[in-house]
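Q: The sequence isn't on hand, but the structure is:
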């Protein structure tokens, strides 16, 4: 089972309250299965490991309860989390980087947030790059709606313009790995 560090949970909650109002989290929790409700009823600290599949179920449900069910809330919450993470604790780190540096070092960043999987650079050219994720066999379906916008925002915050990302291969869809491709101006 893959886990996500609880560090991003605070930003996710802040975003959901911004879009759904002060009772947003309670409305989503009320719609959870009893098993997931038990997970999200406990305190989630920045150092807590949170089941990533449960997190994605929470976010997909939040998208339906608070949004239109089109995964836009999942994507926007991911961008918001990246902004909070990289303008907060990692502000100095990101200010000295370039998009190329982000692509080259994403594997190190990955291990700060996930206890499963590893990412390697599969292709790097000027203003583009590809990343390969392996060894995350239980990664949940639709994880790309969470991870791709976060990675795109990291590139934007490091100076990339017109960032475009895609996720042509996915472990959750039956592929042997996930591939994330990015290009920018």
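A: Nice, I can see it. It should be emphasised that the depicted structure is a prediction, and the values quoted were computed from it without experimental measurement.

Q: looking at the protein, which helix or strand is least sure?
A: For the chain, using mean pLDDT, DSSP states H and E, the weakest element among its helices and strands is helix 91-95, scoring a mean of 61.

Q: Show me the helices in this protein, by range?
A: For the chain, the helices defined by DSSP state H occupy 9-20, 24-31, 34-41, 52-66, 72-87, 91-95, 99-113, 144-157.

Q: Ok, which of those comes nearest residue 137?
A: Comparison of the helices of the chain against residue 137 by CB to CB identifies helix 52-66 as nearest, at 11.5 Å. (Each C-beta comes from the backbone N, C-alpha and C, glycine too.)

Q: any idea of the mean pLDDT in the closest one?
A: If you average the pLDDT over helix 52-66, you get 98.

Q: Contacts made by that helix with the rest, please.
A: 1-4, 9, 12, 16, 19-20, 24, 27-28, 31-33, 36, 39-40, 69-74, 77, 114, 116, 138-143, 145-146 (CB atoms under 8 Å, 6 or more residues apart in numbering).

Q: Against residue 148, how distant is residue 25?
A: Separation of residue 25 from residue 148 (CB to CB, to the nearest Å): 24 Å.

Q: Okay, domains of this protein per the record?
A: The chain breaks down by automatic domain parsing into domains covering 3-82, 98-183.

Q: Worst mean pLDDT among the ones you listed?
A: domain 98-183 (a mean of 93).

Q: Centre of the chain to that one, how far?
A: Distance of domain 98-183 from the chain centroid (CA atoms, centre = their mean, to the nearest Å) equals 10 Å.

Q: how long is that domain end to end?
A: Using CA to CA, to the nearest Å, one end of domain 98-183 lies 13 Å from the other.

Q: What about the spatially closest residue to residue 123 that is not a sequence neighbour, how many residues nearby?
A: Using CB to CB, 6 or more residues apart in numbering and skipping residues adjacent in sequence, the residue nearest residue 123 is residue 130, 4.0 Å away. Neighbourhood size, residue 130 [other CB atoms under 10 Å]: 18.

Q: May I ask you to confirm that residue 130 is in contact with residue 181?
A: Yes: shown here, residue 130 and residue 181 form a contact pair, counting by CB atoms under 8 Å, at 4.8 Å.

Q: shared neighbours, the two?
A: Shared contacts of residue 130 and residue 181 (CB under 8 Å, 6+ apart): residue 123.

Q: Return the residues in contact with residue 39.
A: 50, 51, 54.
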